[in-house]
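Asker: Fold the following.
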Amino acid sequence: MKDIDEVSITQAVLAANRSGNPRLVKIMESLVKHLHEFAREVELTEEEWHQGIRFLTETGQMCDDKRQEFILLSDTLGLSTLVTALNNRKPPGCTEATVFGPFYVEDSPVVENGGDIANGARGIPCFVSGTVRGLGGEPVAGAEVAVWQSDDEGFYDVQRAGLDHLQGRGRVRTDATGAFHFRSILAVPYPIPYDGPVGRMLQALERHPWRPAHLHFKIEAESYERLITHIFRSDGPYLDSDAVFGVRSTLVSNWTSHPAGIAPDGSELDQPYYTLHHDFVLNRC
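Answerer: Below you'll find the model as predicted:
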């Protein structure tokens, strides 16, 4: 029989966790050490422990096939950005990665180059173009470029109750020169969902829930590392206070405003529109 106290409990748990998958043992050992030291450092009360349990329970209860509250929690604590940075170290010159976000959808619509990914999403027209190249400058033909974004009210399609089709997202492939282009809508700032436990946490910490205007990109090509990133509007707010810490200076780009007239795809628009051009550089596997 062991006498367990506030100090010896840590070693007791570590001793119990020494068998099994070596990687899991290593992770659990570090987790237990830091978790126990955190409780000792702040002298965690029983009521605070209960509040923490309730918070995590409510976070899980907010998760479904359209919303991942735990990803929001990870994002707002900076853990998502930290894990992204640890796992996406790239040579200078490669496009930087950033957080994935909770609104990606597998198998989004395939769109031909020049097609419309907005698919009915409301917003100011925007024409996006770019290239995908390797670090040596070689064009990457046939790369799949998945894009997703919010509408002009800051909502993603999966947040719209009753919407029976996907909007503001799609997949295009680069041509032989590594180029791609598509029509969409202007990216706008929006708040992350703040009607749940993560939102209450931000409010208690007097933090805002806003993200700067951006497009999400996931680019995949044979023989190259996958890239998950954003491109941010240079003229918008919150670049220095992104609620999920996702901004990188190299990912900030200029959206150019144009008056009504002939758009890049040859159509005639009776309202102003925007264009964005951004080039991506992938690292070889």
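
Asker: burial count for P197?
Answerer: 20 (other C-beta atoms under 10 Å). Just so you know, the C-beta spots here come from the backbone N, C-alpha and C atoms, and that holds for glycine as well.

Asker: Start at 57, not 1
Answerer: Yep, numbering from 57; the last one is P253 now.

Asker: remind me, longest helix of this structure?
Answerer: Longest helix in the chain, counting residues (DSSP state H): helix 78-98.

Asker: From V188, how far out is L338?
Answerer: 6 Å (C-beta to C-beta, to the nearest Å).

Asker: Looking at the two, which has the bigger crowd around it?
Answerer: Using other C-beta under 10 Å, the more surrounded residue of L338 and V188 is V188, with 28 against 24.

Asker: and D296, what does it touch?
Answerer: V303 (C-beta atoms under 8 Å, 6 or more residues apart in numbering).

Asker: same thing but 10 Å
Answerer: Contacts here follow C-beta atoms under 10 Å, 6 or more residues apart in numbering; on that basis D296 touches P268, V303.

Asker: what's the answer for the one 10 residues further on, then?
Answerer: By C-beta under 10 Å, 6+ apart, the residues touching T306 are G149, C150, T151, E152, T285.

Asker: Same question for R123.
Answerer: With contact set as C-beta under 10 Å, 6+ apart, R123 has these partners: P158, F159, V214, Q215, P249, G252.

Asker: now that we have the contacts of T306, which one has the most neighbours?
Answerer: T285 (25 neighbours).

Asker: Do you know the pLDDT at that one?
Answerer: T285 is assigned a predicted lDDT (pLDDT) of 98.

Asker: Where does the prediction get shaky in the stretch 57-206 of the chain?
Answerer: Along the stretch 57-206 of the chain, the parts satisfying pLDDT under 70 run over 57.

Asker: what about the helices in it?
Answerer: Along the stretch 57-206 of the chain, counting by DSSP state H, counting those that start in this stretch, helices occupy 64-72, 78-98, 102-117, 125-132, 135-143.

Asker: just to revisit the earlier point, which two of the contacts of T306 have the greatest separation?
Answerer: Across those, the longest distance by C-beta to C-beta is 14.4 Å; it joins G149 and T285.

Asker: tell me which of the contacts of T306 is nearest to T66?
Answerer: E152 (37.7 Å).

Asker: how near is that closest one to T140?
Answerer: From E152 to T140 the distance is 9 Å (C-beta to C-beta).

Asker: Which neighbours do these two have in common?
Answerer: Going by C-beta under 10 Å, 6+ apart, residues that sit against E152 and also against T140 are T285.

Asker: returning to what we had before: nearest to V196 among the contacts of R123?
Answerer: F159 (25.7 Å).

Asker: In this structure I173 contacts D207, no?
Answerer: No - I173 lies out of contact with D207 (C-beta atoms under 10 Å); the separation is 11.9 Å.

Asker: quick one, which of these two is more surrounded?
Answerer: Using other C-beta under 10 Å as the criterion, I173 and D207 rank with I173 on top: 25 against 20.

Asker: what's near enough to touch that one?
Answerer: 164-165, 167, 184, 202-205, 222-228, 238-241, 271.

Asker: Give the burial count for R263, as a bare number.
Answerer: The local packing of R263 (other C-beta under 10 Å) involves 14 other residues.

Asker: and if you look at H90?
Answerer: 10.

Asker: That one and H286, how far apart?
Answerer: To H286, H90 is 30 Å away according to C-beta to C-beta.

Asker: Same question for E278.
Answerer: Separation of E278 from H286 (C-beta to C-beta): 24 Å.

Asker: Have a look at these two and say which one is more surrounded.
Answerer: More neighbours surround H286 than the other of E278 and H286, with 25 against 9 (other C-beta under 10 Å).

Asker: Can you pull the residues that touch both of L338 and V188?
Answerer: With C-beta under 10 Å, 6+ apart as the test, L338 and V188 both reach T151, V196, A199, G234, I275, E276, A277, Y280, L283.

Asker: Next secondary structure element downstream of the host helix or strand of the fifth one?
Answerer: To tie it back to what came earlier, the one meant is I275. Element membership of I275, judged by DSSP states H and E, is strand 270-276. Next in sequence after strand 270-276, counting helices and strands by DSSP H and E, comes strand 283-289.
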